[in-house]
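Peer 1: Sharing a model that was predicted from the sequence below.
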Amino acid sequence: MIQIRDEIAPDIGARERLLDVCFGANRWAKTSERLREGRFPAEDLSLSAEDTHGCLVGTVRLWHVEAGRGCPALLLGPLAVDPSMQGCGLGARLMRVALGQARVLGHAAVLLVGDAPYYARFGFSPARAAGLFMPGPFERARFLGLDLVPGALDGASGILQPAGALVRIPDLAAETVVDGARRQAA
């Protein structure tokens, strides 16, 4: 039995290893990564799939973006399933739970870069992202949109911009370490 639940801090290492297995080192070069880096995922929209032994076997996250002026949306990705579990419907389950949770939380639209035939079953289409562009190289046919609220992406145009909470990086210049304890710099 696979349990889909909110991501928790102990999942981070396993999630990163799973993403490396599924996407390789090239995953860091993707344009979608530019929209995610330095930001937290959207609150309550990071999911983990765990098997009966407590092993992470799937993950999906959604991120805040601006889909043109005044058009907030979510960017889905990455979605990954352990190779030993692929073909069992786990990716589809993760998608349904993530999209359902996004609807419940009041989000209006989701965008992603992915395999159009796979994501069409969830309602994604290249037509819903036709007026939008990624902030770097992308394959137009793989750039897909979904209205969670009818018409949410109507008229959306321009280059996607990152949005949402920034990851706070500690200002190490403001602190020093003395005898193993952090002290504020004078």
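Peer 2: Alright, I've got the coordinates.

Peer 1: quick one, strands of the protein?
Peer 2: 3-6, 46-50, 56-66, 72-81, 109-113, 132-133, 143-147, 158-159, 161-162, 175-178, 181-184 (DSSP state E).

Peer 1: Tell me which of those strands sits nearest to residue 120.
Peer 2: Checking the strands of the chain against residue 120 by Cβ to Cβ gives strand 143-147 as the closest, at 8.2 Å. For every residue, glycine as well, the C-beta is placed using N, CA and C.

Peer 1: neighbouring contacts of that closest one?
Peer 2: 67, 73, 99, 108-114, 116, 119, 122-129, 132, 134, 153, 156 (Cβ atoms under 8 Å, 6 or more residues apart in numbering).

Peer 1: burial count for residue 141?
Peer 2: 9 (other Cβ atoms under 10 Å).

Peer 1: Just the buried ones from the contacts of strand 143-147?
Peer 2: Buried residues within the contacts of strand 143-147, defined by neighbour count using 16 or more other Cβ atoms under 10 Å: 67, 73, 99, 108-114, 119, 122, 124, 126, 128-129, 132, 134, 153, 156.

Peer 1: quick one: residue 109 and residue 71 touch, right?
Peer 2: Yes. Using Cβ atoms under 8 Å, residue 109 is in contact with residue 71, at 7.3 Å.

Peer 1: which residues do these two both contact?
Peer 2: The contact sets of residue 109 and residue 71 overlap at 152-153, 156 (Cβ under 8 Å, 6+ apart).

Peer 1: Let me know the closest of the residues you listed to residue 141.
Peer 2: Closest to residue 141, out of all of these and judged by Cβ to Cβ, is residue 153, at 17.0 Å.

Peer 1: Show me where the chain dips below the pLDDT cut-off.
Peer 2: Confidence mapping of the chain against pLDDT under 70 gives the ranges 169-186.

Peer 1: Let's see that with 90 instead.
Peer 2: Within the chain, the stretches with pLDDT under 90 are 1, 24-34, 68-70, 164-186.
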